[in-house]
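In: Can you look at this prediction? I've put the sequence above it.
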Amino acid sequence: MTTTLPSYDEVVERYEPVIGLETHVELGTRTKMFCGCPTDFGGAPNTRVCPVCLGLPGSLPAANAAAVEATIRIGLALNCSIASWCRFARKNYFYPDIPKNFQISQDDEPLCFDGYLDVDVEGEVVRVGIERVHLEEDTGKTLHVGGAAGRIHGATESLVDYNRAGIPLVEIVTKPVVGTGALAPAVARAYVTELRDVIRSLGVSDVRMEEGSLRCDVNTSLMPVGAEQWGTRTETKNVNSLRSVERAVRSEMLRQATVLDVGGKIIQETRHFHEDTGDTTSGRSKEEATDYRYFPDPDLGPIAPDPAWVAELKESLPELPRLRRKRLQQAWELSDFDMQSIVNAGALDLIEQTVAAGATPAAARKWWLGELSRRANEAGIELADVGATPGQVAELQSLVEAGKLSDKLARVVLEGVLNGEGSPTQVMTARGLEVVSDVGALTAAVDEAIAANPDIVESIRSGRLAAAGALVGAVMKSTRGQADAKAVRELILSRLGVEG
Amino acid sequence: MAAISREEVAHLARLSRIAVTEEELEMLADQLDVILQAVARIGEVDVADIPPTSHAVPMNNVLREDVVTPCLTPAEALAGAPDVEDDRFRVPRILQEEV
Amino acid sequence: MADLTKMTAVEVAALVASGEASAVEVTQAHLDRIAAVEDRVHAFLHVDAEGAIEAARAVDSQRAAGDQLGLLAGVPVAVKDSFATRGLPTTCGSRMLEGWRPPYDATIVDRLRAAGMVLIGKTNMDEFAMGSSTEFSAFGPTYNPWDLNRSPGGSGGGSAAALAAYEAPLAIGSDTGGSVRQPGAVTGTVGAKPTYGGISRYGLVAFSSSLDTPGPAARTVLDTALLHAAIGGHDPRDSTSIPSALPPLVEAARQGAGGDLSGVRLGLVTEFDSDGIEPGVRSAFREAVDALVKLGAEVVEISCPHFPHALPAYYLIAPAEASSNLARLDGVRFGLRVGDDGSRSMEEVMSLTRDAGFGPEVKRRILLGTYALSSGRYDAYYGHAQKIRTLIMRDFASAFEQADVLLSPTTPSVAFPLGARTEDPQQMHLADLFTVPTNLYGGPAISVPCGLSEGLPVGLQVMAPTMADDRMYRVAAAVEAAVGPLNPPAL
């Protein structure tokens, strides 16, 4: 029997998706959540460990104040209420990457709760509810040996490194997102993007999905359009890029619709997303339902943030990305589309700083989205790493506006700046690229060209002004391109007594 | 009536990762039954409106400054391990996926 | 010179300080005593003769160099095997940790060493401190020096027996439901459970984190107070450690020894007055109370209506926390691993390891605790027990409005014969009937010898309000002064 798979359009015609996202963010504190081991990346195995994060008998946790503060700041940025009193809880389960065989987390008393994050999706504002933001500890890293490509399946043994064990981890859980219809995958992506930007703006994590400092699990369910009872949800793990967030939701919607269409039932399960195929596959089902036996951790006292301190933290939050974008878009007089291009190119900060250094928004945008984006793309690097600073770009632009560089020469100077030859002014001077503005020298070159080209001069005098271009070219050639073409043309016409 | 069945005890043993033998299971079920019946008496105490106590001495906001302290050397960290490979703790193949 | 092993810690320290005896001589005398009696007592799981002599030498050279010595410098101390000791075996009386040598010292061990005390060895205990007789040690029981056919109590029977057998003048235990006090009572020695948070738990292998309290023990109240003062006080590595100075413990002990208790109100808990108390224990306790009245104290009868629920609440809270605390014993990072033959999965190996490594009492409590925390049962068991705990704390608060301290026998019976209770967990648990309430409350309590019953020691328990450990020492020292020391028979 063959079944025709429904198209995405057909799926959203018949079903309403409900999505939910659980995001884990590793905080960029200096030390781990419950001990003084450093959190820096890339150490040799088991070199960032102590009795506490190895879970040695007798050791005790001591909570990191900076992690608590960072979590509260994230909560405030997500418009959450901050708990007046809450406790850490132990989540009990056996797994070799979790040294104590319980994770210190928070159960029904999260540090922050009941907030929201507004995201822009295709011109609409979607308000994603935030259920909770809580603090916990990360696990160690397990290397599966003997199977295919480091997968657990087929492995003959596993090797554990606890360097990452105990890194502070903030879990951000959304409320179910209902009513977004066909936009659900885009909403999921926009939410994670916005969340990443918010957290980055707070400076509490480097939020790099590739490095695992931001990780996302996506819950998806479908219900028939018009139904009130939500469908059974699946939880998709291993979603490691923004693009994958969108693809995972879409793929899971299609898969569930295919099952539901033929009267099948969705099983509540964990699924794994595969970057290569864009599909999800079922995780192995557990032999027994998990029972985490949460209870308040007796080793750690309650956290009761002082409301005045929380108010202070709220007061000192940086401008949040979405509001900042709105403000700059208005100030720079840009369309939604143009603003989106800037954001997508990762040029917002760069342009803002270039403007602050004196360039006009239009010029700054032209440089960063034009020449510099092109070079970054060619080199396959982030725009911010292209090699020019906003200050240099502003300086370059000021040379153009002062008439010292033509656009073409400015690009040559930029080349020099990117080569590390110095500031735009230094490059211009060193390479002798400054536009010839000495009227005497320029007049001599013009007169030379007039004398050498009597035919063209005749043609111009007879009214064919376009023929002046040939004389301009000759002058540019003799000045090695350093003359201002417009000025040269005016000078030629005036020397010939022709009205331009 | 027994307060706890053999099957429940077997379930608890699996949750606790203890591979009890049949014989042990039998004995543990009987003993746990006696203990549970005894401790279940606390259910008779009316605790409506009584808050639970999780900490003997209540102290809020006991927090540590974010300051690095010395780590163990890998040799110290791995010294007590039953099995080590490439400076990592070696364990047999894992059946269950990560949680 | 008089027998160095028969002296109090205060006397020994004075000899070392004055140079009349070297710390090495003191240590060697105790090592010789251990060698002479240990095959009959089995107080120790590990004797660190080499380390002890080395530590003693360091004290002697400090003295020679004219350095200021600590109050207990050069005094040997026996430490319960539940405390992490760097490079020294730390087994908690379990096969699970056989051969494990921690890469770090517990805070109290740090402080012992810093104070110049000589760590002479690690003492026997019920496996992971679960038991009241030291018979649940995986390495064989400890024998009560008063009668080698009897138990020295538990879980810290090793530390108490080491004191009673003159193998050490000072010892450290850990008290979760009475594990320092009850062994103290049945061996005729002194054992204290300080205020929870008054002595750091960092490095104490956790049994029940909200109840565990490291405790000092000795043959006299003053020695106990001195040891307490040396190892106690705030420790940032233990987040439940109280960030304030200890009350003046040693001064209080000296004051109590002066024998004046005028105006002190002694509370007797009505609910403790049960038929379960052996007649000899009851009369020794009564006589001691009468002696205190002669010193000027008043007696008040106080009802603590929820105390009868303390034991069942304890047997839910402690196993629940233990089930989580002992989860880390999985054969991955340290300790025993069983069945890893290349064919078995990690899950199987872990389960076989835990079955082979844990003894029956530990398994019982892990399963019981897992049950009390499990989904759907939390509220009726663990949650309910925590509310009972609140009621017991309220009972204490109200009792301490009527009395300065509460008194009781430490345990309902004298030392029981070995093997008498191992088959009946319920009977074993009864030994903790009077000691468990203070663990639930958090305040300090001490057991001090108050007489003999049928030739065996009886202990009197003094309970005081949280952070009033000084008051506890004052009254205990008065008991000691009134009753006089009990001299354990020569072995």
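Out: Thanks, I have it.
In: For chain B, list the residue farthest from the centre, please.
Out: What lies farthest from the middle of chain B is residue B:67; by CA atoms, centre = their mean that is 30.7 Å.
In: Run a quick check on that residue versus residue A:38, I expect a contact.
Out: No: assessed by CB atoms under 8 Å, residue B:67 is found out of contact with residue A:38, at 10.2 Å. (Each C-beta comes from the backbone N, C-alpha and C, glycine too.)
In: Common neighbours of those two, please.
Out: When contacts are counted by CB atoms under 8 Å, 6 or more residues apart in numbering or on different chains, the set common to residue B:67 and residue A:38 consists of A:30-31.
In: Could you list the low-pLDDT ranges of the chain?
Out: Looking at chain A here, since you left the chain open. When the per-residue scores of chain A are filtered using pLDDT under 70, the ranges that remain are A:1-3, A:148-150, A:284-289, A:436-438, A:500.
In: you looked at the wrong chain, it should be chain C
Out: Applying pLDDT under 70 to chain C flags residues C:1.
In: Leaving out chain neighbours, which residue sits closest to residue B:85?
Out: Leaving aside its chain neighbours, residue B:85 sits nearest to residue A:159 (5.6 Å; criterion: CB to CB, 6 or more residues apart in numbering or on different chains).
In: For residue A:165, see how far away the one you found is.
Out: With the distance defined as CB to CB, to the nearest Å, residue A:159 ends up 14 Å from residue A:165.
In: Neighbour count for those two, which is higher?
Out: Each of residue A:159 and residue A:165 has its neighbours counted (other CB atoms under 10 Å in any protein chain shown); residue A:165 has more, 28 against 21.
In: Quick check, the more buried one in contact with residue A:101.
Out: No: with the criterion set as CB under 8 Å, residue A:165 and residue A:101 do not qualify as a contacting pair; they are 11.9 Å apart.
In: Make sure I have this right: residue A:17 is in a strand.
Out: Yes: following the definition DSSP: H, G, I helix; E, B strand; the rest coil, residue A:17 is counted among the residues of a strand.
In: At the geometric centre of chain B, which residue sits there?
Out: Geometric middle of chain B (CA atoms, centre = their mean) lands on residue B:16, at 6.5 Å.
In: isn't that one right up against residue C:370?
Out: Yes: Residue B:16 sits in contact with residue C:370 when judged by CB under 8 Å, with a separation of 5.0 Å.
In: Could you pull up the mean pLDDT of the biggest helix by length in chain B?
Out: If each helix of chain B is counted by residues according to DSSP state H, the longest one is helix B:22-39. When pLDDT is averaged along helix B:22-39, the result is 93.
In: just checking, what packs against it?
Out: helix B:6-15, helix C:310-325, helix C:360-373, helix C:425-430 (3 or more CB pairs under 8 Å, 6 or more residues apart in numbering or on different chains; DSSP states H and E).
In: so what's the residue farthest from the centre of chain B up against?
Out: The neighbours of residue B:67, taking CB under 8 Å, 6+ apart as the test, are A:30-31, A:36.
In: List, out of those, those positioned next to chain C.
Out: Checked against chain C using CB under 8 Å from any CB of the partner chain, the contacts of residue B:67 give no members in range.
In: who in chain B is up against chain A?
Out: Chain B has residues B:11, B:14-15, B:17, B:54-55, B:58-74, B:77-78, B:85-94, B:96-99 near chain A, with proximity defined as CB under 8 Å from any CB.
In: where do the strands sit along the stretch 151-300 of chain A?
Out: Residue ranges of the strands in the stretch 151-300 of chain A, as given by DSSP state E, counting those that start in this stretch, are A:157-161, A:168-174, A:177-178, A:214-224, A:234-239, A:270-273, A:280-282, A:295-296.
In: how far is stretch C:476-491 from where the chain is centred?
Out: Per CA atoms, centre = their mean, to the nearest Å, the displacement of stretch C:476-491 from the mean C-alpha position of its chain is 18 Å.
In: Pull out the C-alpha coordinates of it and format them as PDB.
Out: Presented in PDB, the C-alpha positions along stretch C:476-491 are these (Å, rounded to 0.1, in the frame of the first residue of the first chain):
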ATOM      1  CA  ALA C 476      26.500  17.800  81.100                       C
ATOM      2  CA  ALA C 477      29.600  18.800  83.000                       C
ATOM      3  CA  ALA C 478      27.400  19.200  86.100                       C
ATOM      4  CA  VAL C 479      26.100  15.600  85.600                       C
ATOM      5  CA  GLU C 480      29.700  14.400  85.300                       C
ATOM      6  CA  ALA C 481      30.700  16.200  88.400                       C
ATOM      7  CA  ALA C 482      27.800  14.900  90.400                       C
ATOM      8  CA  VAL C 483      28.000  11.300  89.200                       C
ATOM      9  CA  GLY C 484      31.700  10.900  88.900                       C
ATOM     10  CA  PRO C 485      33.400   9.100  86.000                       C
ATOM     11  CA  LEU C 486      32.700   5.600  85.100                       C
ATOM     12  CA  ASN C 487      35.900   3.600  84.700                       C
ATOM     13  CA  PRO C 488      35.700   1.000  82.000                       C
ATOM     14  CA  PRO C 489      37.100  -2.300  83.100                       C
ATOM     15  CA  ALA C 490      40.600  -3.100  82.000                       C
ATOM     16  CA  LEU C 491      40.500  -5.400  79.000                       C
END
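In: Mind listing what's buried along stretch C:269-278?
Out: By neighbour count with 16 or more other CB atoms under 10 Å in any protein chain shown, stretch C:269-278 contains the buried residues C:269, C:271-272, C:277-278.
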